[in-house]
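Q: give me a 3D structure for the following:
(one chain, ligands or ions: 1)
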Amino acid sequence: MSENAPPVARSVPQRIWMDGQLVSKEDAKVSVYDHGLLYGDGCFEGIRVYGGRIFKLRSHLERLYRSADMIRLAPAHPLRELEQAVRDTVAANGLADAYIRLLLTRGVGTLGLHPFRCPRPGTIVIVDAIQIYPPELYERGMRVIVAKRPRIPVSCLDPAIKSLNYLNNILAKIEAIDADVLEAIMLNTDGFVSECTGDNIFAVKNGRISTPPEDAGILHGITRAFVMHELAPALGMRVEQRPMRLEEFYAADEVFLTGTAAEIIGVSEIGDHAIGAGNVGPITKKLEAEFKRRVAKDAPED
Ligand code: PMP
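A: Prediction:
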């Protein structure tokens, strides 16, 4: 996702849902004692709205509550209540196509680390515009690099937790930016490919699609699951999950990335290696088209 969201023509002023109330953007303030700020102690989701429908809302909420559980954060609101809050916030912002940022923070506490001295977790729902990668990258394919920095190991901080602490990804993203590209492939500490800084990764070879498995240390991407369980089968293909080395990606016919913001985007080069014909391959294009078709009409909310 690009960091610079364009200004949106809003029919109504922006409203943000915080701890049970819709407030103006100016009033949506977090305490300097919130452990989300002090320690990155919390978790989040990024969700898309297509034509007023909240894509895979149920899966995102379930992943958020799983992340919270994995950091022993008891959300202030039951899942159903937060689901309603997300729907209310989307409605209050009058945007048919939007990006939702949903956050659970540990809440206000002391300056010490102790997470259980924060009596009430914070809950925030932001609905705003979305800027995806530049359109020409979808046409030509995207150049990526391989980050020198590995993905943080599962035993240290499982990347399946979508936590507010994204510094491992941000430092790899800085490597990408320094190399004049927008995304970086991250290896795990065993030398296998895990994912990118904000996207999951797939390779296609001889018509077969593969992606690193969950235990490679990845975020269990909702778009990744959509490709594996819905889009690929609809096109008569299946996706294999298996440990993958970088060399397989260099030698692939096609490589593509998936993410809520990026959707599906082809990779044309990894460092100095052109992938396939150095453009976006036919299977990636078919998956992209199927993705667009499904979200354009009644995007699935489950
Ligand atoms: N990996 C990481 C590290 C991410 O932050 C994301 C989300 N931007 C993804 C993969 C893609 O996940 P999803 O399809 O659920 O957006």
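
Q: close to the ligand: what parts of this structure are there?
A: Within the chain, the positions adjacent to the ligand are 46, 169, 195, 198-200, 219, 221-224, 258-260 by C-beta under 6 Å from any ligand atom. Just so you know, the C-beta spots here come from the backbone N, C-alpha and C atoms, and that holds for glycine as well.

Q: among these, who's most crowded?
A: Asp199 (30 neighbours; other C-beta atoms under 10 Å).

Q: surely it is in contact with Glu183?
A: Yes. Using C-beta atoms under 8 Å, Asp199 is in contact with Glu183, at 6.2 Å.

Q: now the residue in the stretch 51-200 of the chain that the ligand sits nearest to: how far from Gly20?
A: Proximity of the stretch 51-200 of the chain to the ligand (C-beta to the nearest ligand atom) peaks at Gly198, 4.1 Å away. Gly198 sits 30 Å away from Gly20, going by C-beta to C-beta, to the nearest Å.

Q: same check on Arg140?
A: Going from Arg140 to Gly20 by C-beta to C-beta gives 46 Å.

Q: neighbour count winner among those two?
A: Arg140 (14 against 10).

Q: quick one: residues contacting the more buried one.
A: Ser268, Asn279, Val280 (C-beta atoms under 8 Å, 6 or more residues apart in numbering).

Q: with Phe202 instead?
A: Residues in contact with Phe202, defined by C-beta under 8 Å, 6+ apart, are Ile209, Ser210, Thr211, Arg224, Val227, Val239, Val255, Phe256, Leu257, Thr258.

Q: partner strands of the helix or strand hosting it, parallel or antiparallel?
A: Assigned by DSSP states H and E, Phe202 belongs to strand 200-205. Here strand 200-205 is paired, per DSSP bridges, with strand 208-211 (antiparallel), strand 254-259 (antiparallel).

Q: and those strands, which is most packed in?
A: Among the strands paired with strand 200-205, strand 254-259 has the highest mean neighbour count (mean count of other C-beta atoms under 10 Å), at a mean of 27.

Q: what's whichever helix or strand comes after it packed up against?
A: Downstream of strand 254-259, the next assigned helix or strand under DSSP H and E is strand 263-270. The contact analysis (3 or more C-beta pairs under 8 Å, 6 or more residues apart in numbering; DSSP states H and E) places strand 263-270 against helix 135-140, strand 142-146, helix 246-250, strand 254-259, helix 282-296.

Q: sweet, I'm off.
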